[in-house]
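Participant: Need coordinates for the below:
(chains A, B, C and D)
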2 protein chains.
Amino acid sequence: MSAEANASGYSRSTEDYLKVIYELEGRGAPVQTRAIAEALEIAAPSVSGMVKRLSESGLVEHVPYRGVRLTGSGRRAALKMVRRHRIVETYLTQKLGYDWDSVHDEAERLEHAVSDELIGRMAMALGNPRYDPHGAPIPTKDGQIEEQELLPLSEVPVGSMAELRLVSDRDPELLRYIASLGLKVGVAFEVIGRQPFKGPVTIRLPGKPPRDENLGHELAAALQCWEREGEVG
Amino acid sequence: MSAEANASGYSRSTEDYLKVIYELEGRGAPVQTRAIAEALEIAAPSVSGMVKRLSESGLVEHVPYRGVRLTGSGRRAALKMVRRHRIVETYLTQKLGYDWDSVHDEAERLEHAVSDELIGRMAMALGNPRYDPHGAPIPTKDGQIEEQELLPLSEVPVGSMAELRLVSDRDPELLRYIASLGLKVGVAFEVIGRQPFKGPVTIRLPGKPPRDENLGHELAAALQCWEREGEVG
DNA sequence: TCGCAGATTTAGGCACGCGTAATTCCGGGA
DNA sequence: TCCCGGAATTACGCGTGCCTAAATCTGCGA
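Facilitator: Residues are numbered from 1 along each chain as shown, chains lettered A, B, ... in the order given. So this is what the prediction gives:
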């Protein structure tokens, strides 16, 4: 036996913490202990303890009772994990026939085990993709990540055209459902109605003939879209 | 986050122990604490402690001061790890352009992270190979493994033809060296000399013109061959 | 300004898996 | 049979990362 514990040099837990902190940070707001605890499904005091260690390692900045922010090296490590996760998901989907609803768990384990070398080879084999199967941008090797200007379908104005660009990889049921409607990343459709008080959104999907579907508010809120200003097909 | 700690349900350490015990067991002889400690590069008392836990989990049978043997479920789990390791090595070599001397460490990490599903898909993509790139037989999904009748090159009679069938994946230097000689699994050659007192073995490699090479005893002992009884090219 | 709810941290504990030091066991030679 | 060296185990301790219970802080509404 001779392999490193973990390809990145950090423990599996550390990698998980960095990734969720990155994801919860949005645009720089401090991340609460409780949010981390919920995302990782562990108790809040456990997070307090771990945050202390992360802070001593210089990966996060911790203001007691206020929250944590990633430091430069914390963010770099987090983006590395995000890159790994998304490349693995893309690879499994494109090269090994996985469906987009079943890659998340597998990637969640593999992201801790793959080396930079392997990620590089996977990316190469895929032609250095910019997005994963759910539309999420893949950070580059040197930690650049594209910022997307997206709108939840629940907020796209009625009457405009929209294109599905991004959906979370976390909910297989949701992914299977929207796939069953013919909705995947890149599909354009018309928003033809929305009911008030978190009512459903009605969209018209392309096809012969076009098909109308009603999507619940919660679902519509999970579908990040480009709004294509302008007229209707 | 929602993935299991480890695809098999056992901890990474447990998986490592089971694999080395399997490999050290040969044909059923009890495995000594010290042998495990050396293989895993950890201290002997640590092994004693772990063996106790493995034994309580029903994975090994431990006779104090005598050694351990895998139980049925221990052997099944070990063979699963061996299958994972060898399929991953084969996949990396065949599909991602790795050389045979660089796959071991990567596989050592990945074998703990891949699911049965993924191993199945990799095996499928490879056409269900029976051997890994180093010639080691790949256990089937249900835990069958082929027994090979092989002879170390250091014991193949002078004058016979032999074919390289198996070499350990542990030593990248050795693998690179023999590859540089044109020796890989499946290559046949003639054994034309061997010096006494652990002296070198001389082989004649096919080619135009044939090439003779002298291999040190230790190296020759690491090359497991089929002896092709009979005459010489 | 006070008090309360909720978030956070501290206190104390546990399992895992590793280490070193000290002790015990086993087998072979005298 | 005794003794001795090497193997194994026991005793004790450490860091990681999780837990629950108890204390503390923060901000908001009365």
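
Participant: got the contact list for the helix or strand hosting A:Glu108?
Facilitator: Applying DSSP states H and E as the criterion places A:Glu108 in helix A:103-110. By Cβ atoms under 8 Å, 6 or more residues apart in numbering or on different chains, the surrounding residues in contact with helix A:103-110 are A:84-86, A:88-89, A:92-93, A:98, A:133, A:169-170, A:172, B:1-4, B:6-7, B:110, B:113-115, B:117-118. Bear in mind the C-beta positions are built from the backbone N, C-alpha and C, glycine included.

Participant: Contacting DNA strand C as well, which ones from the residues you listed?
Facilitator: Among these, no residue is within reach of DNA strand C (Cβ under 7 Å from any atom of the strand).

Participant: interface residues of chain A facing DNA strand D?
Facilitator: That would be A:11-14, A:16, A:40-43, A:45-46, A:49-50, A:53, A:64-65, which are the residues of chain A within reach of DNA strand D (Cβ under 7 Å from any atom of the strand).

Participant: Also near chain B: which of the residues you listed, exactly?
Facilitator: Among those, the residues that sit close to chain B (Cβ under 8 Å from any Cβ of the partner chain) are A:Asp16, A:Leu40, A:Glu41.

Participant: Make a PyMOL selection of the buried ones in those.
Facilitator: Only the buried entries of these go into this PyMOL selection, using 16 or more other Cβ atoms under 10 Å in any protein chain shown:
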select buried, chain A and resi 16+40
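
Participant: picking that back up, can you tell me which of the residues of chain A next to DNA strand D are classed as buried?
Facilitator: Buried members of the residues of chain A next to DNA strand D, counted by 16+ other Cβ under 10 Å: A:Arg12, A:Ser13, A:Thr14, A:Asp16, A:Leu40, A:Ile42, A:Met50.

Participant: Helix, strand or coil: sort out the fourth one for me.
Facilitator: It stands for A:Asp16. helix (DSSP: H, G, I helix; E, B strand; the rest coil).

Participant: you'd agree it is up against A:Glu41?
Facilitator: No: look at A:Asp16 against A:Glu41 with Cβ atoms under 8 Å: they stay out of range, at 10.5 Å.

Participant: For the top helix by length along chain A, name the packing helices and strands.
Facilitator: Determined from DSSP state H, the single longest helix within chain A is helix A:72-95. Contacts defined by 3 or more Cβ pairs under 8 Å, 6 or more residues apart in numbering or on different chains; DSSP states H and E place helix A:72-95 against helix A:12-25, helix A:103-110, helix A:116-126.

Participant: mind listing what the residue nearest the centre of chain A touches?
Facilitator: Central residue of chain A (Cα atoms, centre = their mean): A:Ser168, 5.1 Å from the mean position. With contact taken as Cβ under 8 Å, 6+ apart, A:Ser168 is in contact with A:His134, A:Leu174, A:Ala222.

Participant: returning to what we had before: how far does the helix holding A:Glu108 sit from its chain's centre?
Facilitator: Chain-centre distance of helix A:103-110: 13 Å, with Cα atoms, centre = their mean, to the nearest Å.

Participant: next one: stretch A:175-182
Facilitator: 18 Å.

Participant: What are the buried residues along it?
Facilitator: Buried-residue list, stretch A:175-182, by 16+ other Cβ under 10 Å: A:Leu175, A:Ile178.

Participant: What lies in contact with it?
Facilitator: Against stretch A:175-182 from outside (Cβ under 8 Å, 6+ apart): A:99-101, A:134, A:164, A:167, A:169, A:184, A:205, A:207, A:211, A:213, A:219, A:223.

Participant: Please identify which of those residues is nearest to B:Met124.
Facilitator: Among the contacts of stretch A:175-182, A:Asp99 lies closest to B:Met124 (Cβ to Cβ), at 15.5 Å.
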